[in-house]
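Visitor: Next come a sequence and a model predicted from it.
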Amino acid sequence: MQGHKDYQEKLFNSFQLSERIPKANFYRRLKGVLDLSFLYKLTNSYYGQSGQKSIDPVVFFKLCLVGYLENLISDRKLIAHCSMRLDILYFIGYDIDEELPW
């Protein structure tokens, strides 16, 4: 007898992104060794004290790095690509329900 899978979204999910990314994944290993916290100090003088908060400089650098590594030259393609890849979301520090910047 043929089965038929009906998809029903759950209202609440127990989901941890870190559990879904394999230990040997490139972006997981890169996140473990790449410390970009020095960027906050280097870029602090370029940010104003008032107005809307801008994108985190570490996130911006990581997105640029992903664009270089994945050979993506369009910002729109980069954001679309990153939003579909769990390992990249984990690398840049976003969860699956968070909207990416831009």
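Guide: Received it, and whenever you're ready, just let me know what you need.
Visitor: secondary structure class for Tyr94?
Guide: Assigned by DSSP: H, G, I helix; E, B strand; the rest coil, the conformation of Tyr94 is coil.
Visitor: Could you pull up phi and psi at the residue nearest to it when sequence neighbours are not counted?
Guide: Distances taken as CB to CB, 6 or more residues apart in numbering put Leu100 closest to Tyr94, at 6.3 Å, once the chain neighbours are dropped. Every C-beta, even on glycine, is put in place using the N, C-alpha and C of the backbone. Dihedral pair for Leu100: phi -70, psi 150, per degrees, to the nearest 10.
Visitor: Local confidence estimate at Leu100?
Guide: If you check Leu100, the pLDDT there is 91.
Visitor: so who does it touch?
Guide: Residues in contact with Leu100 (CB atoms under 8 Å, 6 or more residues apart in numbering) are Ile79, Cys82, Ser83, Ile92, Tyr94.
Visitor: That one and Ile79: what is the separation?
Guide: Leu100 sits 5 Å away from Ile79, going by CB to CB, to the nearest Å.
Visitor: Give me the buried positions along the helix or strand containing Leu42.
Guide: Using DSSP states H and E, Leu42 falls within helix 38-43. Buried residues in helix 38-43, counted by 16 or more other CB atoms under 10 Å: Leu39.
Visitor: Tell me which residue is most central in the protein.
Guide: Closest to where the C-alpha atoms of the chain average out (CA atoms, centre = their mean) is Leu89, at 2.8 Å.
Visitor: what helices or strands is the one helix or strand that residue maps to leaning on?
Guide: Per DSSP H and E: Leu89 is located in helix 86-92. On a contact count with 3 or more CB pairs under 8 Å, 6 or more residues apart in numbering; DSSP states H and E, helix 86-92 meets helix 17-20, helix 26-33, helix 57-69, helix 75-84.
Visitor: Below-threshold pLDDT in this structure: ranges please.
Guide: 1-5, 9-13 (pLDDT under 70).
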